[in-house]
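Asks: compute the structure for the input listed below.
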Amino acid sequence: MSFFSRLFAATTVACTAPSPADEATLVRARDLMVAEQIEARGVKDALTLTTMRAVPRHLFVPPSVVGEAYDDHPLAIGHGQTISQPYIVAFMTEALGLRGGETVLEVGTGSGYQAAVLARIASKVYTIEIVEPLAREAQERLERLGYRNVAVRAGDGYAGWPDAAPFDGIIVTAAAPTIPMPLKEQLKDRGRLVIPVGEEFQEIVIVTRRGDSFDERRVLPVRFVPMTGKVRQ
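Replies: Here you go, the predicted model:
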């Protein structure tokens with residue numbers, strides 16, 4: 001049993017409102033997650049770190065794995081999808097370069113955790129999930145938890161969200177074989193797209209728009225579930 005699982009062993013966080021003692025356990029778990037998994041690996045952005053300490057990750061995972069919510073690995077959330085490792089969520093959030101008040105697009109809502117992280121920094125978050133049951137569950141969860149600045153749509157994220165564009169930042173949480181051009185085109189000038197690219201071997205790529213051109217930097221080897229839909233055609 002992991003250290004974080006032991007922290008949760010005496011709590012009832014999956015089904016009921018936590019007691020003050022349980023809440024203290026959750027805060028400690030998040031603080032340790034940030035210190036040992038995120039800051040220790042080089043994430044420095046204060047907004048990202050503050051947000052990772054605040055968002056209740058245990059409420060975005062299935063009850064069967066809630067004791068692993070703050071552990072250093074991804075978790076299955078059903079329908080062949082995962083919630084990313086905490087470090088990767090923080091790394092990709094920092095890579096967007098947000099300073100507060102931006103409009104952001106996420107492709108791959110999953111359980112809604114990354115959207116919740118973004119929503120505490122950005123003014124408005126648009127998020128698209130191709131698996132309709134996950135989209136419905138994430139929308140209900142985000143609304144229930146009070147994230148009023150997040151709009152959820154079920155559909156293929158390849159084409160982005162044209163009627164809400166342009167975006168200050170776009171984040172993709174599934175690996176694409178190539179970078180979808182519609183996502184690039186929906187960036188504001190100097191906006192950033194953060195996306196895992198590749199098949200067996202994947203890397204996070206940061207795309208920065210500069211007028212009509214796009215700079216690309218490959219920054220981190222990763223392993224994500226594959227992006228599906230039109231990007232595979």
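Asks: list the contacts for G155?
Replies: Listed by C-beta atoms under 8 Å, 6 or more residues apart in numbering, the contact set of G155 reads I128, E129, I130. Quick note: C-beta positions are derived from backbone N, CA and C, even for glycine.
Asks: for those residues, give me JSON lines that also has secondary structure and distance to L59.
Replies: Shown next, in JSON lines, are the contacts of G155 (DSSP: H, G, I helix; E, B strand; the rest coil; distance: C-beta to C-beta, whole Å):
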{"residue": "I128", "secondary structure": "strand", "distance to L59": "21"}
{"residue": "E129", "secondary structure": "strand", "distance to L59": "17"}
{"residue": "I130", "secondary structure": "coil", "distance to L59": "23"}
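Asks: among those, who's most crowded?
Replies: For the contacts of G155, the largest number of neighbours (other C-beta atoms under 10 Å) sits with E129, at 30 neighbours.
Asks: returning to what we had before: and which of the contacts of G155 is nearest I88?
Replies: Nearest to I88 among those: E129, at 17.9 Å, using C-beta to C-beta.
Asks: neighbours around P182, how many?
Replies: P182: 14 neighbours (other C-beta under 10 Å).
Asks: check which residues of the helix or strand containing it are buried.
Replies: Element membership of P182 [criterion: DSSP states H and E] is helix 181-185. Of all the residues in helix 181-185, those buried under the rule 16 or more other C-beta atoms under 10 Å are L183, K184.
Asks: what comes up buried for whichever helix or strand comes after that helix?
Replies: Where DSSP H and E defines the elements, the next helix or strand beyond helix 181-185 is strand 187-198. Buried positions in strand 187-198, judged by neighbour count with 16+ other C-beta under 10 Å: L187, G191, R192, L193, V194, I195, P196, V197, G198.
Asks: biggest separation within the residues you listed, which pair?
Replies: Longest span within the buried residues of strand 187-198, C-beta to C-beta: G191 and G198, 22.5 Å.
Asks: can I get the helix holding P182 as CSV, trimmed to CA atoms?
Replies: Only the C-alpha atoms of helix 181-185 are listed here, as CSV (Å, rounded to 0.1, in the frame of the first residue of the first chain):
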residue,chain,number,x,y,z
MET,A,181,-4.0,22.1,-38.1
PRO,A,182,-7.4,23.4,-36.9
LEU,A,183,-6.0,23.6,-33.4
LYS,A,184,-3.0,25.6,-34.5
GLU,A,185,-5.3,28.0,-36.5
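Asks: that older thread, make TSV out of the buried residues of strand 187-198 and add pLDDT.
Replies: Formatted as TSV, the buried residues of strand 187-198 follow (pLDDT from 0 to 100):
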residue	pLDDT
L187	98
G191	98
R192	98
L193	98
V194	98
I195	98
P196	98
V197	97
G198	95
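Asks: now do the helices in the protein.
Replies: In the chain, the helices defined using DSSP state H lie at 3-8, 20-32, 46-54, 86-95, 113-119, 132-144, 181-185.
Asks: please parse this structure into its domains.
Replies: Under the assignment named as automatic domain parsing, the residue ranges that make up the domains of the chain are 3-78, 84-232.
Asks: deepest-packed of those, please.
Replies: Across the domains of the chain, the average number of neighbours (mean count of other C-beta atoms under 10 Å) peaks for domain 84-232, which reaches a mean of 19.
Asks: now do that domain: distance to the chain's middle.
Replies: Chain-centre distance of domain 84-232: 8 Å, with C-alpha atoms, centre = their mean, to the nearest Å.
Asks: P162 against L183, yeah?
Replies: No. Using C-beta atoms under 8 Å, P162 is not in contact with L183, being 10.6 Å away.
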